[in-house]
Structures are given as structure tokens and as C-alpha cells.
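S.K.: no FASTA, just this:
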């Protein structure tokens, strides 16, 4: 049976098996977890290992093909949802199906690998926690939701799993629900992402109305048959912006990024899973999957750089990368630094997608999943040892925790952009395509300096990332202990925590390739038949971009390496005891006090939202309440009084007039009946007396009649 599932000619069954593994673990864990040995932690972990094994096999199938695989689909339930209304004569019919292509396989491998390692890591990190079995159940449901999102063949089912991911994040972020901060963080994450999901839902409705389908193949076909031409082009842009708004909320891009740092209130394994491979990359996956739609009809004619939506994505992504990096400079909570780093790196992914390179954006998603999971799990190992999130309580921990220290250093070097490590190659691919995009637009009639902004933000962020990450590493693992008591009690984590760190460290080193052409192994294995240019004009555009990227490659590499070295030297000078500026961090902060205070207050954006909600919306609520009480309720109460008066008068008339007449007749009838009833008593003597009375009365009447007649 297993050999039937693992059929290279039918990968959809393997994808379904991957989806069902965490679901089975979740169901059993919910009902029987407490009764199983070790509260059943081995069951969801084992299910994720099976899913990872199948996903790894699918990845080998992908790698064995020089240009990837042909897309495969499986229609599980045809006409699952149908309606008579729609943009076509046939109405809207939605099928439940599975789609497997290059992009799907990459996402399945990343999600299952990181999820399995997080499960294994949690066996040590969460040991002894209250609600231990519930935690693993939530992890399994979270993994199931993300995997379902990746294999869905239409937007509706993608949206359903999308919402389930948000629900699971609410459960996991608020896992320590006895803490008020965890409750607030869970609510904030849920409500902020829902705001973006409104746009996503509007985009889906527009697509359903015009395209008459929500299947990806049908949506892309509608771009070629003229459905979105003419006046419908405005709706195309609106639908694209709606989809991007959903991705913006889920992937924590400016200005809906505020929920992600607060999500650190959840257990550290949850942070690693959310930030590396599941919830936050769902938005990146959505943009990649819908890339031809976001590019517009020009995508199929070779002019896909002309779409407005893609440029907005590039601009928002690059600014978010820069914006989040500035805040990471001043954070002292080790997990908060990594949280803002995640926001920044997600901005890089959107930058790559926005400048027209799906492969570069997904390549960075692929490499980022490994080194960011490594960094979060490494931070969890540190917190587990010193029982504090503050870097001011750390220092010199590499000597006490060598496995954690050296693996964390590898993750730091990868994200900072050390040449030949994974992060360097994927980030360079994004920056190269950003420059090529600006250069291409500069040769056109619609080009302007704005098209160079994404590249400028991206290159600045590269140097900033290296600095704040070395700051994090030096303050945590090097130098002298800042809290001697915490240092004395620190110790290396158990093998269930260090083994995942070592695996992720190896992947952070070599997941992008080694050198030369091997670096570009990813280029032709992320596209599907809808994610490659198919027109001759597109070939010319891509040739221009490729030549620009190639010509700029060595210059960009030199600049990136120079920024890496400069950031390393500057961080060494400030945060290593032998450095010339060691201990002067507070002096620099004092000299740049307005800027430093602004960064500490997160550029006041959270305060602005608080003011907006607590003051502006509260004021609007008070005004609306007053209007409702004075005008609406006054109008209703006035007419209520009038109606009560007339109904009272009508009631009196009815009671004394109509009902009185009826009651009078009834009472008279009853009185007469009572009198007549006396004649039927059943006593013979009374009947004889009555007969005598009647006879006497009759004789009296005859006598009177006789007298009157005479």
C-alpha cells in the first residue's frame, strides 16, 4: 500500500497522506493523549516524522528532474459547492481538489521538516509543563492547517485552511492563558490578521464574480481570454490588492506587523514554528501562488512589470524590511530581536516577489525557514538555561552551552549574509532582481526614481541585519557574564533540543548550494506551468533581467560582503570587552536620544493604534451612543407613547363596548337559564305543584279573556 502512495506519476496521493498524518495525530492526542505514555508526545511527533519522510521522497523526485515536475491535480469532490450565480452561464462551481507542483513540494518539505524538529525539540523544552498533551495536539492541528493550505487547488479551500491557521495561532500564542499578556497577544494576533483577511475575502468574491471559478487554473485562464479587459481591469487591481492585504496581515507586513512581536508570549517552539515555516510564510506562498494574477494579463504577453500591484508589493516589502530592522537595533529581549528580524526577512521575500522573481522570493523562504528556526530554537535553549529573555542577564554562555552557542553562530552568519552560506545566496538573488527591475523600468517611459527605492531599502537592510544579529550573538554568548547567578546555573540543553539545532545548522550552511552554478539549483524547481513566462515578449524581458543580474552579480557580492564585514567590525567594537567602544552603547543612545526613544517606542505605531482604538473609536462610540439615545431612541419612544395611547383607548372601547354587550347578553342568558333550570329539579311533588300553578294560571287567563270579550 505504501508503494502505491509513493508513485512518482501520482504525487497527489502522497500529498494527501502528508496532510492526514498530523490530523490523525491531533485526533488521537485530543481524545487519548492524557492516557498514553509520556502524555502522547511521541504520537504527533511520529506522525510528523512519517509526513516528513513522504515529503523528503517528493523532494528527491523534484530534485531528480532538471526542470521540475509537471503539475498534477486530483479532483477529490467535484461540485462540492455550486450556485446559479456567477460570471459565466454555468454559474460558480467549486471543486475540492489537490494540486501538486514544484511550489507545493518545496512548501511541503519545509513545513514538515521544521514542524518535525519543533515537535522533537518540544519534548525537552515543554517537559513538565501543565497542559503538555494539549500543546502537542495544537501543534499537530497547526501543521495540518498549513499543509492543507499548501495543497489546495482553489482559493476557497486555501482560505478555509488560512483561517484555521489563524485559529491555531490564537490557541498557541495564548497557550499560557493564565497570563494577561498572553491573552492580549493572542487577541491582538487574531484581530489584526482578521483585518487583512477582510481584504482577502473581498478579493475572492471579486474573482468569483468575474472569473466564474476559484480554481487556480481557471483563474489564470480568465486572464488570457479577456475576462479582465476594459473596465474590468479596475476590478482586477482591486482583487489583487485584496489578496495582498490578506498576505500583508498574515505575514506581518507594515502596517499590520504589530501582532508578531507580541506573539513571543507563546512558548518558544511555537515562535519557531510560526516564524519559520507556517503562519507568517502563508502570505508569501499566497502571493507566489497567485503571481500571474497579481501581474495581470501583461504576464502572458511579456509585459508583466507593467502591473501596479507587484510594484506595491515590492515597495511595501522593502520598506517593511528596513522599518523592522531599525527597531531590532534597540530590543533587549532575545525573542523580540528575532521577531523583528522575521518581519524584516519576510519583507525581503515580498521584495523578491514584487520585482517579478518568484524563484528568488521562495528561495529566501526556503533558506530562511532553516536559519530562523535554528535561531528561535537556539534562543529557547538559552532561555531554558538562564530562565530569562533579557540579554542583560546573559553573556559568555558559549562556554557553558557550546552546542547551542556554535549552532546559533551558524544561524547568525547565515542571516547576516556571510558568503557561501544559505542566507547570502537567497538574499543576493533578491537584491540582484530588485536592481534589474529598477534598471529595466528605468529604460521605459514609466520609469522613475521610485523604482530604485526597493533596491535601496534592501541593500541598507542587509547591513543593518548583520549588525543587530552580531549584537545579539555577542551580548548573549561572548564577553563576560552579566548575571553571575544565572551563568552559574546555566547548562547545555538535552539531546532532544540540541539534535534539532545541529540538523538546522547543517541546513543553514548548505541549503542554498555550495558555490558556482550549484547555487542556482533552485531556479528551475519552483515554477509551475503558470509561473513561467510563456510569450516571446516575456523571454526578451527575462533575458534583459538575467543579463542585468549577471552583470551586477560581482558588484553586488562585493557590496554585500563589505557591509557584512563593516557590521561585524562595528558590533565587535561595541559589544566585545576588547573592543574600543565597549560599554559606550548607552552613550551613543544618549547622544541620539530622540531617535533612540522613537525606536524603543516602536516608532510610536503601536501607540497610534492604541490611541486610534481607545480614543478615536471610543469617542465615535460615545457620539453614536448619544445620538442613539437622544434621537433614535427619542423618536422610537415618542411613537411608542402615541401608539400606547391609541391602543389604550381602543382597549377601553373594546372592553366596555364590544365586550360589555357580549357579556350582557351572555349574563342575561345565564340568568334565564338558571331560572328555567328550577323547573327541572327531578322531584314529583314540585312537578304536581307546578301543574296546579299552571292550571290555575290558565283558568285565570281564560277568565280574564272572557271578561274582556264580554
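M.R.: Received the coordinates, thanks. Keep in mind it's a predicted model, so treat the numbers as computed, not measured.
S.K.: the helix or strand hosting residue 25: which residues count as buried?
M.R.: Using DSSP states H and E, residue 25 falls within helix 11-32. Within helix 11-32, the residues that qualify as buried are 11-19, 21-26, 28-30, counting by 16 or more other Cβ atoms under 10 Å. (C-beta placed from N, C-alpha, C; glycine too.)
S.K.: so what's the residue count around residue 626?
M.R.: 10 (other Cβ atoms under 10 Å).
S.K.: can you check residue 351 too?
M.R.: Neighbours around residue 351, by other Cβ under 10 Å: 33.
S.K.: would it count as being in a helix?
M.R.: Yes - applying DSSP: H, G, I helix; E, B strand; the rest coil, one finds residue 351 inside a helix.
S.K.: close enough to count as contact, it and residue 434?
M.R.: Yes - using Cβ atoms under 8 Å, residue 351 is in contact with residue 434, at 6.0 Å.
S.K.: next, show the common contact partners of the two.
M.R.: Contact criterion Cβ atoms under 8 Å, 6 or more residues apart in numbering; residues shared by residue 351 and residue 434: 314, 318, 454, 458.
S.K.: now render those residues as JSON lines, adding pLDDT and distance to residue 645.
M.R.: Listed next are those as JSON lines, based on pLDDT from 0 to 100; distance: Cβ to Cβ, whole Å:
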{"residue": "314", "pLDDT": "93", "distance to residue 645": "68"}
{"residue": "318", "pLDDT": "95", "distance to residue 645": "69"}
{"residue": "454", "pLDDT": "93", "distance to residue 645": "71"}
{"residue": "458", "pLDDT": "94", "distance to residue 645": "74"}
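S.K.: of these - the most surrounded one?
M.R.: Counting neighbours by other Cβ under 10 Å, residue 454 leads these with 32 neighbours.
S.K.: residues in contact with that residue?
M.R.: Residue 454 touches 314, 315, 317, 318, 351, 354, 355, 434, 437, 438, counting by Cβ under 8 Å, 6+ apart.
S.K.: report all helices and strands that the helix or strand in which the fourth one is found contacts.
M.R.: Following DSSP H and E, one finds residue 318 within helix 308-328. On a contact count with 3 or more Cβ pairs under 8 Å, 6 or more residues apart in numbering; DSSP states H and E, helix 308-328 meets helix 232-250, helix 291-295, helix 334-354, helix 422-442, helix 453-477.
S.K.: switch the cut-off to 7 Å
M.R.: helix 232-250, helix 291-295, helix 334-354, helix 453-477 (3 or more Cβ pairs under 7 Å, 6 or more residues apart in numbering; DSSP states H and E).
S.K.: which parts of it are buried?
M.R.: Those would be 309-328, for helix 308-328 by 16+ other Cβ under 10 Å.
S.K.: before we move on, back to that, closest to residue 616 out of the shared contacts of residue 351 and residue 434?
M.R.: Closest approach between these and residue 616, by Cβ to Cβ: residue 318, at 29.9 Å.
S.K.: surely that closest one and residue 457 touch.
M.R.: Yes - using Cβ atoms under 7 Å, residue 318 is in contact with residue 457, at 3.7 Å.
S.K.: do a quick rundown of the strands in this protein.
M.R.: 72-83, 92-100 (DSSP state E).
S.K.: lowest average confidence across these, which one?
M.R.: Looking at these, the lowest mean pLDDT belongs to strand 72-83 (a mean of 69).
S.K.: what's the neighbour count on residue 566?
M.R.: A count of nearby residues for residue 566, using other Cβ under 10 Å, gives 13.
S.K.: what residues are up against it?
M.R.: residue 463 (Cβ atoms under 7 Å, 6 or more residues apart in numbering).
S.K.: show me the shaky parts of the stretch 601-710 of the chain.
M.R.: For the stretch 601-710 of the chain, applying pLDDT under 70 flags the ranges 675-684, 686-687, 690, 710.
S.K.: one more: the chain?
M.R.: For the chain, applying pLDDT under 70 flags the ranges 1-9, 77-91, 298-307, 442-447, 513-552, 675-684, 686-687, 690, 710.
S.K.: tell me the centre residue of it?
M.R.: Closest residue to the average C-alpha location of the chain: residue 250 at 3.3 Å, with Cα atoms, centre = their mean.
S.K.: nearest residue to it in space, please, no chain neighbours.
M.R.: residue 283 (4.2 Å; Cβ to Cβ, 6 or more residues apart in numbering).
S.K.: related to what we said a few turns ago, compute the inter-axis angle for the helix holding residue 318 and helix 453-477.
M.R.: For helix 308-328 against helix 453-477, the angle by axes from the mean of the first three to the mean of the last three Cα atoms, to 10 degrees is 30 degrees.
S.K.: the inter-axis angle of helix 308-328 versus helix 422-442?
M.R.: 140 degrees.
S.K.: any idea how far the helix holding residue 25 is from the chain center?
M.R.: The chain centroid and the centroid of helix 11-32 are separated by 21 Å, computed with Cα atoms, centre = their mean, to the nearest Å.
S.K.: which secondary structure elements does it contact?
M.R.: For helix 11-32, the packing partners by 3+ Cβ pairs under 7 Å, 6+ apart come out as helix 2-5, helix 42-63, strand 72-83, strand 92-100, helix 102-125, helix 132-151.
S.K.: now those in JSON lines, with mean neighbour count and distance to residue 611?
M.R.: What follows is those, written out as JSON lines (neighbours: other Cβ atoms under 10 Å; distance: least, Cβ to Cβ, whole Å):
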{"stretch": "helix 2-5", "mean neighbour count": "10", "distance to residue 611": "55"}
{"stretch": "helix 42-63", "mean neighbour count": "20", "distance to residue 611": "43"}
{"stretch": "strand 72-83", "mean neighbour count": "14", "distance to residue 611": "43"}
{"stretch": "strand 92-100", "mean neighbour count": "21", "distance to residue 611": "42"}
{"stretch": "helix 102-125", "mean neighbour count": "26", "distance to residue 611": "37"}
{"stretch": "helix 132-151", "mean neighbour count": "25", "distance to residue 611": "33"}
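S.K.: residue 381: which of the ones you listed is closest?
M.R.: Each of the helices and strands packed on helix 11-32 was scored for nearness to residue 381 using Cβ to Cβ, and the closest is helix 102-125 (8.0 Å).
S.K.: run a quick neighbour tally on residue 603.
M.R.: Residue 603 has 14 nearby residues by other Cβ under 10 Å.
S.K.: so who does it touch?
M.R.: When contacts are counted by Cβ under 7 Å, 6+ apart, residue 603 touches residue 327.
S.K.: ok, it to residue 22 distance?
M.R.: Distance, residue 603 to residue 22, using Cβ to Cβ, to the nearest Å: 38 Å.
S.K.: any idea how far residue 122 is from residue 372?
M.R.: Residue 372 is 17 Å from residue 122, where distance means Cβ to Cβ.
S.K.: again, but for residue 331
M.R.: 25 Å.
S.K.: and residue 436, by the same measure?
M.R.: To residue 122, residue 436 is 42 Å away according to Cβ to Cβ.
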